[in-house]
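In: task: produce atomic coordinates for the following.
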Amino acid sequence: MGLALERLPDWPAAMSRDIALAYTGVAEAQLRAWERGGKVNFRARGPRGAMLALRSDLDAALTEMFTSTVEEDLDFG
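Out: A predicted model of the protein is given here:
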């Protein structure tokens with residue numbers, strides 16, 4: 001049934017890869033595609049050089065994914 005609103009985590013402004021995957025719920029392949037496309041960039045900014053991506057970049061990539069007007073060709077014939 002999902003988490004109650006009061007039990008949802010407070011997501012940080014910048015996230016490691018593992019946290020970004022949990023936050024977005026996308027597959028690793030999708031996250032890598034966003035990286036290749038320049039939509040999400042992980043940079044060494046965290047403790048001991050941990051690679052972090054901005055939550056705002058993740059949000060923008062998700063928004064674009066769900067609001068894209070490009071129609072997929074699902075005709076396999």
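In: let me know the secondary structure of residue 57.
Out: Classification of residue 57 by DSSP: H, G, I helix; E, B strand; the rest coil places it in helix.
In: quick one, what contacts it?
Out: Contacts for residue 57 were tallied using CB atoms under 8 Å, 6 or more residues apart in numbering; they are 39-41. Any C-beta I mention is one placed from the backbone N, CA and C, and that applies to glycine too.
In: and if you look at residue 24?
Out: So residue 24 contacts 30-31, 58, 61-62 (CB under 8 Å, 6+ apart).
In: could you turn the buried ones of the contacts of residue 57 into a PyMOL selection?
Out: The PyMOL selection below is limited to those of the contacts of residue 57 classed as buried (16 or more other CB atoms under 10 Å):
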select buried, resi 39+40
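In: want to throw the contacts of residue 57 into CSV with distance to residue 15, secondary structure and pLDDT?
Out: Shown next, in CSV, are the contacts of residue 57 (distance: CB to CB, whole Å; DSSP: H, G, I helix; E, B strand; the rest coil; pLDDT from 0 to 100):
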residue, distance to residue 15, secondary structure, pLDDT
39, 14, coil, 97
40, 10, coil, 98
41, 12, coil, 97
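In: which of the contacts of residue 57 lies closest to residue 11?
Out: residue 40 (14.6 Å; CB to CB).
In: how close does the nearest residue to the closest one once chain neighbours are set aside sit to residue 10?
Out: Distances taken as CB to CB, 6 or more residues apart in numbering place residue 34 nearest to residue 40, at 4.1 Å, with adjacent residues excluded. Distance from residue 34 to residue 10, counting by CB to CB, to the nearest Å: 23 Å.
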